[in-house]
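**Q** The following comprises the amino acid sequence and a computationally predicted model.
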Amino acid sequence: MKDKYESNIWKYYLYEFFMNLWFILPISVIFLREMGIKYGQIGLLEFTVSFSVILFEIPTGVFSDFIGKKIALFFGSLFWTIAMVMIGLSSTFPLFLIGFLVWGLADSLMSGTKSAMVYDTLKALKRKKSYLSVRGKSRLIIAVSTIIASLSGTLLYEIDSRLPWVFFGVSAFIASFFILSCKEPYKKNSGYTMSNQIGHIKESMNFVFSQRTIRWIVFYSALIILPFTIFNNIIKQPYIISIGFQVISLGWIIAFIYGISGIFSMFSERIEKHLGEKGSFIVISLVHGLGFMMLGLYNIMPMLALISLIFLSRAYKDNVIEFYINNHTSSDKRSTVLSIQNLVVNVTGAVYVLVGGVLLDILKMNHVLIGMGVITLILSIGYIMFGYPKAHASG
């Protein structure tokens, strides 16, 4: 019985490879600016993605739990294809807005579902302790994919600024078929009806807010994304150019950053064993808080090393938060709980990018970076020191 699930792992790796050919990664903001979109409008577009995720997050998580995780991932990939092609071929703000809305729908179908499917597959194979190892390897594959796409993305952009978006859409379409060929590792027996969907949402919501450890992790994950969300979605490309690099160099730089992040992710399991839950959260908070403060204080090329360190911390954060939530949640509600976590993250993230975009039109980029770092450091360390659920601490 277990053998039929073995192929899920390598198919999942291929799915991640094609879904992460982010040809748009080094040029997305530059492309939008070229189309006459202001920073505030870019913030609104990012808010639209988050709003769409907020709107569809929990229903799609329940859809995944009831209908199946591979079906949810398949449809997510198809909507992703539509979104990328639509954005790439658009020229006006309203059309960009619709494209970003569809992007959010696609994201809501996939968020949490990938990690839930991996965890359920490993559980069926009686290898659930290998979760961090498998996710670490997937991060390496994602890094390789991102390196290829980043290097190609700037070249495609030089040929035609719309090509990176179209190519990304095509790669997502290819990815959909790998996930569709997987074997569903877990499927709820009860029928999919409106009444049990609502009941499942209530049950999962109650679990999240009554289970102290899950509740703490969910709110921490929403708090810690403050600086990275604004930096990655709006500031990253202009900042790298501001410290002395050229547009054509963005492909190499982003390829390097994601490459080392992927390699580093393979060591997540070993690092977590040494740091434990609380130690992991403290290190992540220090890197994010102090790191963005330093970026704001110094506009010099060596800051590229610090950006790389922040991305390493972000990759580790994503791995351990997924692991802790999966570890504390049963299979029948795993996708929904992860969707609730992603919902909370997207609600806060939507506010962050909207406010961040407006602030960047008013204040200097350096001041915004320093402010984000200070706020993150104070709030996250304070939250750990005074709110961490000691009874569930691991070390």
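**A** Yep, that arrived.
**Q** list the buried ones in the helix or strand hosting Ile257?
**A** According to DSSP states H and E, Ile257 maps onto helix 250-265. By neighbour count on 16 or more other Cβ atoms under 10 Å, the buried set for helix 250-265 is 250-251, 253-265. C-beta here means a position set from N, CA and C on the backbone, and glycine is covered the same way.
**Q** same deal with stretch 279-292?
**A** For stretch 279-292, by 16+ other Cβ under 10 Å, it's Gly279, Ser280, Phe281, Ile282, Ile284, Ser285, Val287, His288, Gly289, Leu290, Gly291, Phe292.
**Q** And stretch 359-367, by the same measure?
**A** For stretch 359-367, by 16+ other Cβ under 10 Å, it's Leu359, Leu360, Met365.
**Q** cool, stretch 30-44 as well?
**A** Buried-residue list, stretch 30-44, by 16+ other Cβ under 10 Å: Ile30, Phe31, Leu32, Ile37, Tyr39, Gly40, Gln41, Ile42, Gly43, Leu44.
**Q** what do you get for stretch 325-344?
**A** 325-326, 328-329, 331-344.
**Q** picking that back up, just the buried residues of stretch 30-44 now: which is nearest Ser176?
**A** Phe31 (24.4 Å; Cβ to Cβ).
**Q** Contacts only, for that closest one.
**A** Listed by Cβ atoms under 8 Å, 6 or more residues apart in numbering, the contact set of Phe31 reads Ile24, Tyr157, Ser161, Pro164, Trp165.
**Q** count of residues packed around the closest residue to Val374 other than its chain neighbours?
**A** Spatially, and ignoring its direct neighbours in sequence, Val374 is nearest to Met293 (6.2 Å; Cβ to Cβ, 6 or more residues apart in numbering). Per other Cβ atoms under 10 Å, the neighbour tally for Met293 reads 19.
**Q** residue contacts, Met293?
**A** Leu369, Ile370, Gly373, Val374, Leu377.
**Q** Secondary structure element holding it?
**A** helix 268-297.
**Q** With Leu338 instead?
**A** Judged by DSSP H and E, Leu338 forms part of helix 334-362.
**Q** Past that helix, which element shows up next along the chain?
**A** That would be, after helix 334-362 and using DSSP H and E, helix 365-387.
**Q** residues making contact with that next one?
**A** In contact with helix 365-387 (Cβ under 8 Å, 6+ apart) are residues 216, 219-220, 223-224, 226-227, 230-231, 235, 238-239, 242, 278, 281-282, 285-286, 288-297, 299, 356, 359-360.
**Q** Same check on stretch 40-58?
**A** For stretch 40-58, the external contacting residues (Cβ under 8 Å, 6+ apart) are 29, 32-33, 37, 93, 96-97, 100-105, 107-109, 111, 201, 233-234, 336, 339-340, 342-343, 346-347, 349-350, 353-358, 360-361.
**Q** So for that stretch, mean pLDDT?
**A** Regarding stretch 40-58, the rounded mean pLDDT is 84.
**Q** likewise stretch 6-14?
**A** 89.
**Q** distance of Gly356 from Ile37?
**A** Using Cβ to Cβ, to the nearest Å, one obtains 15 Å as the distance from Gly356 to Ile37.
**Q** that older thread, looking at the buried residues of stretch 359-367, which is nearest Met205?
**A** Checking these against Met205 with Cβ to Cβ, the nearest one is Leu359 at 32.6 Å.
**Q** any idea how far Leu45 is from the closest residue to the closest one other than its chain neighbours?
**A** Nearest residue to Leu359, sequence neighbours excluded (Cβ to Cβ, 6+ apart): Val368, at 5.2 Å. Distance of Val368 to Leu45, given as Cβ to Cβ: 18 Å.
**Q** Quick check: buried residues in stretch 170-187?
**A** For stretch 170-187, by 16+ other Cβ under 10 Å, it's Ser171, Ala172, Phe173, Ile174, Ala175, Ser176, Phe178, Ile179, Cys182, Glu184, Pro185, Tyr186.
**Q** helix or strand for the third one, which one?
**A** Applying DSSP H and E as the criterion places Phe173 in helix 163-180.
**Q** Could you give the separation of that helix from the chain centroid?
**A** In terms of Cα atoms, centre = their mean, to the nearest Å, the centre of helix 163-180 is found 18 Å from the chain centre.
**Q** Could you do stretch 99-118 as well?
**A** 10 Å.
**Q** Now the terminal residues of that stretch, how far apart.
**A** Counting by Cα to Cα, to the nearest Å, you get 29 Å between the two ends of stretch 99-118.
**Q** what's the angle between whichever helix or strand comes after the helix holding Met293 and helix 268-297?
**A** Using DSSP H and E, the helix or strand that follows helix 268-297 towards the C-terminus is helix 303-327. Counting by axes from the mean of the first three to the mean of the last three Cα atoms, to 10 degrees, helix 303-327 points 140 degrees away from the direction of helix 268-297.
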